[in-house]
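J.: Sequence and predicted structure are below.
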Amino acid sequence: MTTLFVNRLTVIDFSYLDPVHGLLGESWLVDIELDGSLDHQGMVLDFSEVKKQVKQTIDREYDHCLLIPTQYPQCQIQQLEHRCDIQFQLASGEIIRHSSPYSAIALIAAPAITEAILIRVISEKLQSVLPDNVQALRIRLYPEMASDAWYQYSHGLKHHAGNCQRIAHGHRSRIVIYRNNDRDQSLEADWATRWKAIYIGTQSDLLETFQENGIECHRFGYTANQGLFKLEIPSDRCYLIETDSTVENLAQHIAATLKSEHPEDDFRIEAYEGVDKGAIGLA
């Protein structure tokens, strides 16, 4: 028996519905180990095949998706021919509704989304694509280990040609702020609080603001090339901006906001989108 390993094989950027936190963006790194006998090449599996078979399967099924815990008692699912409607009642009584094509969601047969549950689900999915000489696999999912401030946001980019157009996918993202060329960790912590478990919505995608059971809610919606997307969410779990919520625009938004709050100072913002990528905003 020989073991092949690949660390940081991919990063799953996704959102999931949580009874307490609501719509929560996340970024989990993926490490994998494969146990098996050697094939005719003297390999358990060619590294190129790990990327082709394993990474592509994980990315296709879970990356840039909204994960739904279907066994959560207050989760109602209406499966239509080409799309799926979700109603999810939080422990607080607040309600989140999501409607999209099936490609934008992953239905997880569990009462909650956890690392252990997603490891089990991914492992079961991969069994069908691995060759017979691979006898066992182990997966590790984990967030980026960082001492910097970070926030978790969900969003959708209707103009994006790829999977970023999905209205509720997200990221766990670091933020680094320089104020007059000096690192300002107090401002970093402030933005981590502002955008804790937040949905960043584009003003033009806001269709309606309404009251439900005494709670103000926002209804977002748009049509992109993958189909029609809708999201209803309590307004206090949202942060509205005038532009599309690309990381470039988010970095510049933070910089411009800080400049308006502290006009005598100069700012450089390093805003991440998940792991090891992002944009710089200056003001």
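T.: Looks like it came in fine. Everything numeric here is computed off the predicted structure, so don't read it as measured data.

J.: Please count neighbours and contacts with C-alpha atoms only from this point.
T.: Will do.

J.: tell me the contacts of Glu188?
T.: Contacts for Glu188 (C-alpha atoms under 8 Å, 6 or more residues apart in numbering) come out as Ala149, Trp150, Ile175, Val176, Ile177.

J.: from what I can see Tyr16 touches Asp63, true?
T.: No - between Tyr16 and Asp63 there is no contact under C-alpha atoms under 8 Å: 11.3 Å.

J.: I'd like the contacts of Glu188 as TSV, with pLDDT appended.
T.: Shown next, in TSV, are the contacts of Glu188 (pLDDT from 0 to 100):
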residue	pLDDT
Ala149	96
Trp150	96
Ile175	97
Val176	98
Ile177	98
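
J.: most neighbours, which of those?
T.: Ile177 (26 neighbours; other C-alpha atoms under 10 Å).

J.: What are the phi and psi values at Val50?
T.: Per-residue torsions, Val50: phi -60, psi -40 (degrees, to the nearest 10).

J.: In terms of pLDDT, where does it sit?
T.: Note on Val50: pLDDT of 80.

J.: That one: neighbour count?
T.: Residues lying near Val50 (other C-alpha under 10 Å) number 19.

J.: and the helix or strand containing Leu118, how far out from the chain's middle?
T.: Secondary structure assignment for Leu118, by DSSP states H and E: helix 115-127. Taking C-alpha atoms, centre = their mean, to the nearest Å, one finds the center of helix 115-127 at 18 Å from the center of the full chain.

J.: Buried ones in it, by neighbour count?
T.: For helix 115-127, the neighbour count (16 or more other C-alpha atoms under 10 Å) marks Ile117, Leu118, Ile119, Ile122, Ser123 as buried.

J.: before we move on, back to that, just the closest of the contacts of Glu188 to Gly221, please.
T.: Nearest to Gly221 among the contacts of Glu188, counting by C-alpha to C-alpha, is Trp150 at 27.4 Å.

J.: Over to that closest one: give its phi and psi.
T.: Here is the backbone geometry of Trp150 (degrees, to the nearest 10): phi -150, psi 160.

J.: Now do the contacts for the nearest residue to it once chain neighbours are set aside.
T.: Counting by C-alpha to C-alpha, 6 or more residues apart in numbering, the nearest residue to Trp150 once its immediate chain neighbours are dropped is Arg174, at 4.1 Å. Applying C-alpha under 8 Å, 6+ apart, we find Arg174 in contact with Ala146, Asp148, Ala149, Trp150, Tyr151, Ala271, Tyr272, Glu273, Gly274.

J.: before we move on, what SS does the last one have?
T.: Secondary structure for Gly274, judged by DSSP: H, G, I helix; E, B strand; the rest coil, is coil.

J.: quick one: it from Asn180, how far?
T.: Taking C-alpha to C-alpha, to the nearest Å as the measure, Gly274 falls 26 Å from Asn180.

J.: between these two, who's got more neighbours?
T.: More crowded of Gly274 and Asn180, by other C-alpha under 10 Å: Gly274, with 28 against 12.

J.: got the residue ranges for the helices in the stretch 101-250 of the chain?
T.: Here the stretch 101-250 of the chain has its helices, by DSSP state H, counting those that start in this stretch, at 115-127, 185-194, 247-261.

J.: As JSON lines, these with distance to Glu216 and mean pLDDT would be great.
T.: Output for those, formatted as JSON lines (distance: least, C-alpha to C-alpha, whole Å; pLDDT from 0 to 100):
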{"stretch": "helix 115-127", "distance to Glu216": "32", "mean pLDDT": "96"}
{"stretch": "helix 185-194", "distance to Glu216": "19", "mean pLDDT": "97"}
{"stretch": "helix 247-261", "distance to Glu216": "25", "mean pLDDT": "98"}
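
J.: Generate CSV for those helices, with distance to Gly162 as supplementary columns.
T.: Below are the helices of the stretch 101-250 of the chain laid out as CSV (distance: least, C-alpha to C-alpha, whole Å):
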stretch, distance to Gly162
helix 115-127, 22
helix 185-194, 28
helix 247-261, 15
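
J.: Nearest to Val11, out of those?
T.: In terms of C-alpha to C-alpha, the element of the helices of the stretch 101-250 of the chain nearest to Val11 is helix 115-127, at 13.4 Å.

J.: which helices and strands does the closest one pack with?
T.: Applying 3 or more C-alpha pairs under 8 Å, 6 or more residues apart in numbering; DSSP states H and E, we find helix 115-127 packed against strand 134-142.
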